[in-house]
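Asker: what follows is a predicted protein model with its sequence.
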Amino acid sequence: MMNKAQLLIVEDDADISNMLRIYFSSLGYTVDVAPRGQDALEKTRLVMPHLLILDIMLPDIDGYEVCRTLRTNTRTSHIPVLFLTQKDERSDKLKGLELGADDYITKPFDIEELKLRVQNALARAKRESLTDPQTGLPAGRLIEDQLRRKIRQQGWVMFDIRLNHIEPFKDVYGFVAGNDVLRFTAMLFGEVVDEAGTPNDFIGHAGGDNFVIFTSLQAAQALKIRLKERFATEIQTHYNFMDRHQGYILAPGKPGERVQTPFMTLAIGSVSPQRYHFTDIREITEIAAEERRKDSA
């Protein structure tokens, strides 16, 4: 699972960038490259990488600015950043670490050492339950951190989101197709939040088919409608032509039986301090789950 991590290499030297892409791809990683800082921020917004290998010297904005932007955005603040630095200067390292970089390596670097540093940063993120290995979204502890922060604030809404009918889908199409659906869902949520949410919205993957989104009270209703609309339309591409044509799948039921099963949809439960008074974070998650079950019914 670890080697399936998504890396983003931010490096304007095409030779280095290409060499790193080929090397890490050969190790089983999914690798994307960005020659400029703004490209890196755009790519990170669209497809959440598990780790950035980030050159400090870039032609538009420098690596420090890229790191600062990632760290101040709720949705990208958890992504591990490994700096590539041209010179082994203490001031460079300190500045990087102050901004929240996870590690740094000096050019010219030993590729084996870089590989180990990447593996260590990913292992640390997984060990601390920072990100979900499938989607790269914040998981476990980061979701809890958001809950603890929000319980002291006003004006927010939390969505507890579950994919209805994904288990029958996996029975018919297999686990690989099921994992593709989770990644697609994470990407779709990012796009819809960009379109209808706010810059400080948070998207988390609580595990399996369960996601959470924190948004503002003002954006919540439009965001919920848009999430359901786009998911219902775009999930159809994950079904074959025959199933799309008939409007359902035939999933395994009792021995020898096939059960007519609808396409996947989103069940969304929403809670806010406007409607409820919370004394601890478990109450938030329990009420949200209850609201979501009502939405599934």
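Answerer: Looks like it arrived, so ask away.

Asker: quick one: low-confidence parts of the stretch 151-297 of the chain?
Answerer: Residue ranges of the stretch 151-297 of the chain with pLDDT under 70: 297.

Asker: helix/strand/coil for the nearest residue to residue 132 once chain neighbours are set aside?
Answerer: Distances taken as C-beta to C-beta, 6 or more residues apart in numbering place residue 205 nearest to residue 132, at 3.9 Å, with adjacent residues excluded. The C-beta positions use only the backbone N, C-alpha and C, and glycine is treated the same way. Following DSSP: H, G, I helix; E, B strand; the rest coil, the label given to residue 205 is strand.

Asker: can I assume residue 205 is in contact with residue 211?
Answerer: Yes: in this structure residue 205 lies within contact range of residue 211 using C-beta atoms under 8 Å: 5.6 Å.

Asker: quick one on the thing from earlier: contacting residues around the residue nearest to residue 132?
Answerer: Contacts of residue 205 were listed using C-beta atoms under 8 Å, 6 or more residues apart in numbering, and they are 132, 134-135, 137-139, 182, 186, 211.

Asker: in the protein, which strand is the longest?
Answerer: Longest strand in the chain by number of residues (criterion: DSSP state E): strand 156-164.

Asker: buried sites along the following helix or strand past it?
Answerer: Using DSSP states H and E, the next helix or strand after strand 156-164 towards the C-terminus is helix 166-173. For helix 166-173, burial by neighbour count (16 or more other C-beta atoms under 10 Å) applies to 166, 168-173.

Asker: quick revisit: please tell me how far the residue nearest to residue 132 sits from residue 48.
Answerer: Distance, residue 205 to residue 48, using C-beta to C-beta, to the nearest Å: 10 Å.

Asker: overlap in contacts, the two.
Answerer: 135, 137, 186.

Asker: among those residues, which ones are in helices?
Answerer: Within the shared contacts of residue 205 and residue 48, residues falling in helices by DSSP state H are residue 186.

Asker: want to throw the shared contacts of residue 205 and residue 48 into CSV with neighbour count and distance to residue 62?
Answerer: Formatted as CSV, the shared contacts of residue 205 and residue 48 follow (neighbours: other C-beta atoms under 10 Å; distance: C-beta to C-beta, whole Å):
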residue, neighbour count, distance to residue 62
135, 25, 29
137, 25, 27
186, 20, 29
